[in-house]
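*Asks:* mind folding the following:
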Amino acid sequence: METTLNIHVRILEKISLAARSRGISRSEMIILLIKKAMDDIPDPARIGRMVRYQKRNMPTEWRTFHVRLRMDDYEFFLDLRKLLKMSVSLILAYAVKKFLDKLVTANTTDNYQYRNYVVIKEYIDSIVSWRFIWGYPPKIGRIIR
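*Replies:* Have a look, this model is predicted:
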């Protein structure tokens, strides 16, 4: 899948430098950064809160960046947007500020901590419940029964 992000030029420059230093594409760096934000969610945002976007700036300060995503990554980003009540572009800006320096100096080659995506519909006393699982649990058979 392909989607677009609205990225401030300074943030895109930082992403470009970091990607080059790690020997990966900018798209891969963006995916890695946004996935790092998942580990930083204290609690989901309150229900009824509006999605927050980046602060407005001069149009010349922004770039539209096309990112090619796997289907499960795309769904992961949509879930993260809903949980954080932030646009994916704002999540990326946050992740750059919080994680970029650590990612550049980290000695890891695992660019995709969360692979696969499982959605399970359950009924609890006739109430519909949905479970979203980012990753593939080792005992998935017990979960989906």
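
*Asks:* quick one: the helices in the protein?
*Replies:* Using DSSP state H, the helices of the chain run over residues 9-22, 26-38, 71-84, 88-105, 140-143.

*Asks:* quick one: contacts of the fourth one?
*Replies:* Spelled out, it's helix 88-105. 3, 5-8, 11, 14-15, 18, 21-22, 29-30, 32-34, 36-37, 40, 52-54, 77, 80-81, 84, 86 (Cβ atoms under 8 Å, 6 or more residues apart in numbering). Heads up, the C-betas are built off the backbone N, CA and C, glycines and all.

*Asks:* sorry, back to before: to I47, which of the helices of the chain lies closest?
*Replies:* helix 71-84 (10.5 Å; Cβ to Cβ).

*Asks:* pLDDT on that closest one, on average?
*Replies:* Mean pLDDT, computed over helix 71-84, is 86.

*Asks:* chain center to that helix, what's the gap?
*Replies:* Taking Cα atoms, centre = their mean, to the nearest Å, the mean C-alpha location of helix 71-84 is offset from the chain mean by 6 Å.

*Asks:* quick revisit: going through the contacts of helix 88-105, which ones are buried?
*Replies:* Neighbour-count burial (16 or more other Cβ atoms under 10 Å) applied to the contacts of helix 88-105 gives 5-8, 11, 14-15, 18, 22, 29-30, 32-34, 36-37, 54, 77, 80-81, 84, 86.

*Asks:* so how many other residues sit close to M1?
*Replies:* 12 (other Cβ atoms under 10 Å).

*Asks:* how about it, what does it touch?
*Replies:* Per Cβ under 8 Å, 6+ apart, neighbours of M1: R68, L69, R70, M71, Y74.

*Asks:* how about L12, nearest residue that isn't a chain neighbour?
*Replies:* Excluding the flanking residues, the one nearest L12 by Cβ to Cβ, 6 or more residues apart in numbering is R63, at 5.3 Å.
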